[in-house]
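Enquirer: Fold the following.
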Amino acid sequence: MVRIFFLFIFSFFVSLGIAQDYELTLYTIPPRHVIDFASPRSMFFSAARNVFVMHRSLPRFNMGHVFIELKSDDEYLITGSSKERTLFLGGKEFLKGYGLGLLFHPFPGRLDTKERLLYKMSFRYHTGNIRFITFKLQKTTFQRLVNYLAEYKRKGYYRIYNGCNEPRKGNGAGCTAFAISFLEISGILQPEWVNAWAQRVNVPLSLIGGPLTGKKVSWLDILAARQWAQEGEAAEFFEIYDPTLIYQWIGKTWLEKNSASSEALSESPANSFAPMISTKRNKALGLIIDFSSIPTPEDPILLIDEE
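Expert: Modelled structure (predicted):
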């Protein structure tokens, strides 16, 4: 009886130490060819190359893709923001003279299904053409993300792809804006990530056609544009998180974690905000960052645009 009693007490205290993991994972798949943001002309050429080249070895994500996964013992959700299926993004609008107005144009959107994403992931783990960051969260933070996704669906925000790329305001979201909004709501998005992952350009108003300006812009105008708007030139600011930059950042950080000394790692800016370890799934590089001690934010999940 005494032995059984002590075994019971031991099991009880062991069970207290078993904590359930609450994880948000960000996945990034780069396009086959890097989108070159050096100029309007180079961006057009590199984007067109991705649209029209045939991917023979992998299921296609022509312009790259970023999506999220929420996982605990009781919950499993995986999804991302996508445009409704058409021949290619903005083809009809581009032919109508929208020009680089396509960067700001809202398209019919949808949420990726679990089946679609898991199928495409299975191929890419074997090639390394996918990378990921897993964030460990508090239970309350995790539930906040589950609630956000439920509200995003309930309000039909997913029906607008691209647009203003303000998912929490219901003003549209490309795949990266949607995924990054989960980091924002968790309170874990670091300024250095924003700087490392974002592309920022000033688009000349002369290259923006469609509803935003009411004019037509030919693809020949874009081919002739060898620079973005200069100081004093009428322009619209465009910012987007780039799947390639996120992919490259994960790879660089992974290599630093596996080649640097423990002393160097402890002083690394990438490791200053939370414990981080490197991991792999077949050939896919990944990082695990522990934010489970970070308090759950209290700001609203959805934001009201007061402008």
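
Enquirer: So for the host helix or strand of residue 289, mean pLDDT?
Expert: According to DSSP states H and E, residue 289 maps onto strand 284-290. Across strand 284-290, the average pLDDT comes to 97.

Enquirer: Please compute how far that strand lies from its chain's middle.
Expert: Averaging C-alpha positions (C-alpha atoms, centre = their mean, to the nearest Å) puts strand 284-290 15 Å from its chain's average.

Enquirer: Kindly report the same for stretch 216-236.
Expert: Centroid separation between stretch 216-236 and its chain, computed with C-alpha atoms, centre = their mean, is 27 Å.

Enquirer: I'd say residue 158 and residue 113 touch.
Expert: No - assessed by C-beta atoms under 8 Å, residue 158 is found out of contact with residue 113, at 12.0 Å. Using the backbone N, CA and C atoms, a C-beta is placed for each residue, glycine as well.

Enquirer: the more surrounded of these two?
Expert: Neighbour count, other C-beta atoms under 10 Å: between residue 158 and residue 113, residue 158 has more, with 22 against 13.

Enquirer: do you know how far the nearest residue to that one once chain neighbours are set aside is from residue 51?
Expert: Using C-beta to C-beta, 6 or more residues apart in numbering and skipping the chain neighbours, the partner closest in space to residue 158 is residue 111 (4.8 Å). Computed as C-beta to C-beta, to the nearest Å, the residue 111 to residue 51 distance reads 22 Å.

Enquirer: same thing with residue 160?
Expert: As judged by C-beta to C-beta, residue 160 and residue 51 stand 22 Å apart.

Enquirer: Now find how far off-centre the helix or strand that contains residue 152 is within its chain.
Expert: Using DSSP H and E, residue 152 falls within helix 139-154. Relative to the mean C-alpha coordinate of its chain, helix 139-154 is positioned 17 Å out (C-alpha atoms, centre = their mean).

Enquirer: On the three-state scheme, residue 134 is what?
Expert: What DSSP: H, G, I helix; E, B strand; the rest coil gives for residue 134 is strand.

Enquirer: Over to residue 231?
Expert: Using three-state DSSP, the secondary structure recorded for residue 231 is coil.

Enquirer: what about the helices in this protein?
Expert: Secondary structure of the chain, counting by DSSP state H: helices at 2-16, 40-52, 91-95, 114-124, 139-154, 175-186, 191-197, 219-223, 243-259, 262-267.

Enquirer: Which among those helices is found nearest to residue 295?
Expert: Nearest of those to residue 295, taken as C-beta to C-beta: helix 139-154 at 8.3 Å.

Enquirer: hmm, back to that, pick the most deeply packed of the helices of the chain.
Expert: Mean neighbours per residue, mean count of other C-beta atoms under 10 Å, is largest over the helices of the chain for helix 175-186, with a mean of 24.

Enquirer: packing partners for that helix?
Expert: Using 3 or more C-beta pairs under 8 Å, 6 or more residues apart in numbering; DSSP states H and E, the elements in contact with helix 175-186 are strand 23-29, strand 65-71, strand 81-83, helix 139-154, strand 235-241, helix 243-259.

Enquirer: can you rerun that using 7 Å?
Expert: With contacts defined as 3 or more C-beta pairs under 7 Å, 6 or more residues apart in numbering; DSSP states H and E, helix 175-186 has these neighbours: strand 23-29, strand 65-71, strand 81-83, helix 139-154, strand 235-241.

Enquirer: For residue 36, find the nearest of those.
Expert: Nearest to residue 36 among the helices and strands packed on helix 175-186 is strand 235-241 (13.7 Å), distances taken as C-beta to C-beta.

Enquirer: Now do the buried residues in that closest one.
Expert: Residues of strand 235-241 classed as buried by neighbour count (16 or more other C-beta atoms under 10 Å): 235, 236, 238, 240, 241.

Enquirer: Please apply the same query to stretch 154-170.
Expert: By neighbour count on 16+ other C-beta under 10 Å, the buried set for stretch 154-170 is 157, 158, 160, 161, 162, 163, 165, 166, 167, 168, 169, 170.

Enquirer: Can you name the residues that contact residue 21?
Expert: By C-beta atoms under 7 Å, 6 or more residues apart in numbering, the contact list for residue 21 reads 72, 136.
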